[in-house]
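>>> I would like the atomic coordinates for the input below:
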Amino acid sequence: MTDFWLQYGDEMLPVIGDFPRVGDYLPSFMLVDDQKRDAALESYLGPKVIVTLLSVDEEEHGGILLLRETRRCLDRWPHLKLIVITVDSPSSLARARHEHGLPHTTLLSTLRGRDFHKRYGVLITEFPLSGYTAPAIILADANNVAHYTERLVDTRAMFDFDTIDTLLQQGEQQALEAERAAEEARQQQLAERELGTERLVEKAREIEKFTPKTGFGNR
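Residues are numbered from 1 along each chain as shown. Now for the predicted structure:
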């Protein structure tokens, strides 16, 4: 039984699995990149965006057009690692990179990670797309905690880029505020340290005033 359906033309196709929710830790995975190298989630450090597509061979239906618009949305946030996952073979991903460029984009195949579909809640189970990954997007922080998750209900639809952009702006503002607070705390510590040093010097001078002067020649 499924609680999520994906429209593909006139077809309504069930999508199953445990789609991550905001606040969830992302499940680990072991996939393969377009150079046929193993790729684990843990190898991608820092904040990241994970996008699943139907196929890089598709244009309008959860494919290259969706990826192109996603990359345009993320252009303002170069610190984010974009990871694109499909059922396409590594060779097909390599061809797509050659044809479409796709700089600063990691392309991964589920060829050696068939459990990925269910663990990420994107497994389409009925003809004509049985076994494909449903289009979805997940924004996660450096600790792999999800901050935004969305599955498309129609293969021709786009992700909610306005909400994603707003969320990223809020995150950037929070990061700036955290940096400012950390700098203020550092300056406060330095000021307190300097004040403490000044008090020690002043105390030493006071002690010196009341210390008798003696020498080897005095009797």
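>>> give the contact list for Ala40.
Contact criterion C-beta atoms under 8 Å, 6 or more residues apart in numbering gives 28-31 as the residues in contact with Ala40. Any C-beta I mention is one placed from the backbone N, CA and C, and that applies to glycine too.
>>> Mind checking which of those residues are buried?
For these, a burial check counting by 16 or more other C-beta atoms under 10 Å picks out 29, 31.
>>> gap between the helix or strand harbouring Arg97 and the chain center?
Here Arg97, judged by DSSP states H and E, is contained in helix 90-100. Relative to the chain's own centre, helix 90-100 is displaced by 23 Å; criterion: C-alpha atoms, centre = their mean, to the nearest Å.
>>> Remind me what it packs against, helices and strands.
Contact partners of helix 90-100 among helices and strands, from 3 or more C-beta pairs under 8 Å, 6 or more residues apart in numbering; DSSP states H and E: strand 30-33, helix 64-74, strand 105-109.
>>> Mind listing what's buried along it?
For helix 90-100, the buried set under the neighbour-count rule, 16+ other C-beta under 10 Å, comprises 90, 92-94, 96-97.
>>> closest to Phe116 among the contacts of Ala40?
Phe116 has its nearest neighbour among those in Phe29, at 5.1 Å by C-beta to C-beta.
>>> Now do the residue nearest the centre of the chain, the pLDDT please.
In the chain, the C-alpha nearest the mean C-alpha coordinate belongs to Lys48, at 2.0 Å (C-alpha atoms, centre = their mean). Per-residue confidence for Lys48 comes out at a pLDDT of 97.
>>> going forward, begin numbering at 30 instead of 1
Sure thing, new numbering starts at 30, so read that last one as Lys77.
>>> who are the neighbours in contact with it?
Taking C-beta under 8 Å, 6+ apart, one finds 109-112, 168-169, 173 in contact with Lys77.
>>> Quick check: of these, which lies closest to Ile93?
Ile93 lies nearest to Leu111 out of the contacts of Lys77, by C-beta to C-beta, at 14.0 Å.
>>> Low-confidence bits of this protein, can you list those?
Low-confidence regions of the chain, defined here as pLDDT under 70, cover residues 30-31, 204-205, 240-248.
>>> Now do the strands in it.
Assigned by DSSP state E, the chain shows strands spanning 34-37, 40-45, 59-62, 67-69, 77-81, 110-115, 134-138, 152-153, 165-169, 175-180.
>>> Now distance to His146 too, for the ones you listed, in a markdown table please.
Written out in a markdown table, the entries for the strands of the chain read as follows (distance: least, C-beta to C-beta, whole Å):
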| stretch | distance to His146 |
| --- | --- |
| strand 34-37 | 13 |
| strand 40-45 | 8 |
| strand 59-62 | 11 |
| strand 67-69 | 16 |
| strand 77-81 | 9 |
| strand 110-115 | 10 |
| strand 134-138 | 12 |
| strand 152-153 | 4 |
| strand 165-169 | 11 |
| strand 175-180 | 12 |
